[in-house]
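Q: Have a look at this prediction, sequence included:
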Amino acid sequence: QNILTVCFSVGYSAVALNHVVDFKEKKQEISKPVSPSELFPSLPIVQGTSKRIKVLTRLTLIVSDPSHCNLLRSTSANIRLYDIIAVFPKTEKLFHIACTTLDVDLVCINVTEKLPFYFRRPPVNMAIDRGIYFELLYTPAIKDSTMRRYTISNAISLMQICKGKNIVISSAAERPLELRGPYDVANLGLLFGLSEGEAKAAVSTNCRATMLHGETRKSACGVVYTVKKPRKVEEEETVPACKKAKTQA
Amino acid sequence: MVRFKNRYVLCEVVSEDPRCRQCIEDRALGLAVRDAIARVHGDYGLACCSISFTVKYLNAYTGTVLLRCRKDSYRLLCSALPFVRCLESRAQRYPCFLNTLHVGGTIRTCQKFLIQYNRTQLLRLLQNCTNEEERQCIQKSLLSCSLTEEQSQSGDEEEDDGTE
């Protein structure tokens, strides 16, 4: 809770609380997320505007095996309760699967150790087309010097492939003093090889797009697009039936 | 016209310990920032940034710091500021972090920004304060803060008295 108060005082307008689920242990069940109203009786107001601060919930799955991904496709009710879903792939195959087929919002990039695989261009481009963002953490870089080297090398290798698009920088802060303000995080993006505009976007517009992506994933399963067909004489019986089906869906 | 161009970085020291703010000194802060630059950018970065590096203004009550550096090396400085983890003064370590507020080319622009920022901070304090006297004190300082030619320095101090 202290972390959240510091966040708000520093100037963030939306915060996501993360639950990490690791699949190494057997029988992991995904628990319900903590509702934000339990933490704060009334959410304080953002500095500078008159809107309340949003607190979202987020789930991170650490996958090291393709069978763990089945959990995402299952219709477990608890997954739907989370606003943002992130996946942390450990192998190249899983990275490919996460970028191309899995229904997630964020793909986490490991910053604490040397990457076991190299990024390739095709899955990264597909992820950018699908609207999936890559996430980098900055708190390990602040804590430890060897982590800093891994963070920067992994980040720069990602930049060389994706050209700085679709990057989100976030903190995995466990204590309120490990947090940094938004301007500082954008400056950290400069260290990772982003240009200044891209770094500012990584903190502001990309995060917002991720939130919207999570919302669309929760609410809409598809979009129905109705087009008025020119009525032909033979198809008169079938056309009203089609239109009825479309309006009902 | 040949002139050395500087950049002034305005930061706020945020820490959990209330005693930390009272013990901020300009030398301790300068050392902490130089140490962070050395850790991140190495000897080259430290040498580049320390050409014209000083702590220009320090306010112990609100924790506001104004740093100066050359225009060519302000990016090195700004990217190393998130790595400042603690301040050491009088043989005591205080964990804290620096929050960058504004980067400007002159002290005057930073001062204008600081006055606006302090005004919003006072408004926030106004919402949280419980005592009626404190409320009136804050409201009076809010109405009286402004940037004028003679009183440009005292404008900052008036608001600081209001926050205490």
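A: Perfect, I can see it now. Numbering: from 1, shown residues only, chains lettered A, B, ... in the order given.
Q: residues contacting the closest residue to A:Arg208 other than its chain neighbours?
A: Excluding the flanking residues, the one nearest A:Arg208 by C-beta to C-beta, 6 or more residues apart in numbering or on different chains is A:Ala14, at 7.9 Å. All C-beta spots, glycine's among them, are computed from the backbone N, C-alpha and C. Applying C-beta atoms under 8 Å, 6 or more residues apart in numbering or on different chains to A:Ala14 gives the contacts A:53-56, A:207-208, A:211.
Q: what does stretch B:33-50 rub up against?
A: For stretch B:33-50, with C-beta under 8 Å, 6+ apart as the criterion, the contacting residues are A:145, A:148, A:191, B:53, B:67, B:69-70, B:72-73, B:76-77, B:79-81, B:83-85, B:98.
Q: In CSV, list the contacts of A:Ala14 along with neighbour count, secondary structure and pLDDT.
A: Shown next, in CSV, are the contacts of A:Ala14 (neighbours: other C-beta atoms under 10 Å in any protein chain shown; DSSP: H, G, I helix; E, B strand; the rest coil; pLDDT from 0 to 100):
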residue, neighbour count, secondary structure, pLDDT
A:Ile53, 19, coil, 69
A:Lys54, 15, strand, 72
A:Val55, 20, strand, 73
A:Leu56, 18, strand, 76
A:Cys207, 23, helix, 82
A:Arg208, 13, helix, 83
A:Met211, 18, helix, 82
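Q: out of the residues you listed, who's nearest chain B?
A: The closest of these to chain B turns out to be A:Ile53 (C-beta to the nearest C-beta; 12.9 Å).
Q: Thought B:Leu126 was touching B:Arg135, still the case?
A: Yes - here B:Arg135 reaches B:Leu126: they are 6.6 Å apart, a contact under C-beta atoms under 8 Å.
Q: unless I'm mixing things up, A:Arg148 is touching A:Ala141, no?
A: Yes - using C-beta under 8 Å, A:Arg148 is in contact with A:Ala141, at 4.5 Å.
Q: which residues of chain A score low on pLDDT?
A: The model of chain A has pLDDT under 70 over residues A:1-11, A:13, A:19-53, A:68-81, A:220-225, A:230-249.
Q: In it, what residue spans correspond to helices?
A: Using DSSP state H, the helices of chain A run over A:2-10, A:36-39, A:70-73, A:77-80, A:92-100, A:121-130, A:139-143, A:145-162, A:182-191, A:196-203, A:205-219, A:238-248.
Q: Buried deepest among the ones you listed, which one?
A: Compared across these, helix A:182-191 shows the largest average neighbour count, a mean of 23 (mean count of other C-beta atoms under 10 Å in any protein chain shown).
Q: Between helix A:205-219 and that one, find me the angle.
A: 100 degrees (axes from the mean of the first three to the mean of the last three C-alpha atoms, to 10 degrees).
Q: Is chain B within reach of helix A:182-191?
A: Yes - in terms of C-beta under 8 Å from any C-beta of the partner chain, part of helix A:182-191 sits within range of chain B, namely A:183-185, A:187-188, A:190-191.
Q: Domains in chain B, by residue range?
A: For chain B, the TED database gives the domain ranges B:1-105, B:107-150.
Q: quick check: mean pLDDT across the last one?
A: The one in question is domain B:107-150. For domain B:107-150, the mean per-residue pLDDT is 74.
Q: Quickly check: that domain near chain A or not.
A: Yes - using C-beta under 8 Å from any C-beta, domain B:107-150 reaches chain A at B:120, B:124, B:127.
Q: Of the residues you listed, which is the most crowded?
A: Within the residues of domain B:107-150 next to chain A, neighbour counts (other C-beta atoms under 10 Å in any protein chain shown) peak at B:Arg124, which reaches 15 neighbours.
Q: biggest helix in chain B by residues?
A: Under DSSP H, chain B gives helix B:26-49 as its longest helix.
Q: who does the helix or strand harbouring B:Val13 pair up with?
A: B:Val13 belongs to strand B:6-14 when assigned by DSSP states H and E. Applying DSSP bridges to the sheet, strand B:6-14 is found paired with strand B:64-70 (antiparallel), strand B:97-104 (antiparallel).
Q: relative orientation of that strand and helix B:26-49 in degrees?
A: Going by the same axes, to 10 degrees, strand B:6-14 makes 140 degrees with helix B:26-49.
Q: What lies in contact with strand B:6-14?
A: By C-beta under 8 Å, 6+ apart, strand B:6-14 touches A:6, A:9-10, B:20-21, B:24, B:29, B:52, B:56, B:62-71, B:74, B:77-78, B:81, B:87, B:96-107, B:109-110, B:113-114.
Q: Buried ones only from the residues you listed, please, as a ChimeraX command.
A: Those of the contacts of strand B:6-14 that count as buried under 16 or more other C-beta atoms under 10 Å in any protein chain shown are selected in ChimeraX with:
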select /A:6,9,10 /B:20,21,24,29,62,63,64,65,66,67,68,69,70,74,77,78,81,87,96,97,98,99,100,101,102,103,104,107,110,114
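Q: before we move on, what SS does B:Val55 have?
A: Recorded secondary structure, B:Val55: strand (DSSP: H, G, I helix; E, B strand; the rest coil).
Q: Could you measure from it over to B:Leu66?
A: Counting by C-beta to C-beta, to the nearest Å, the gap from B:Val55 to B:Leu66 is 7 Å.
Q: quick one: low-confidence ranges for chain B?
A: Counting by pLDDT under 70, chain B shows low-confidence ranges at B:1, B:128-130, B:142, B:145-164.
Q: The same query, at a cut-off of 80, please.
A: Scanning chain B for pLDDT under 80 picks out B:1, B:16-23, B:89-93, B:122-164.
Q: wait, what's in contact with the residue positioned nearest the centre of it?
A: Central residue of chain B (C-alpha atoms, centre = their mean): B:Val65, 2.1 Å from the mean position. Residues near B:Val65 by C-beta under 8 Å, 6+ apart: B:10-13, B:24, B:29, B:55, B:57-59, B:98.
Q: Of those, just say which sits nearest to chain A.
A: Closest to chain A out of the contacts of B:Val65 is B:Leu98 (7.5 Å), distances taken as C-beta to the nearest C-beta.
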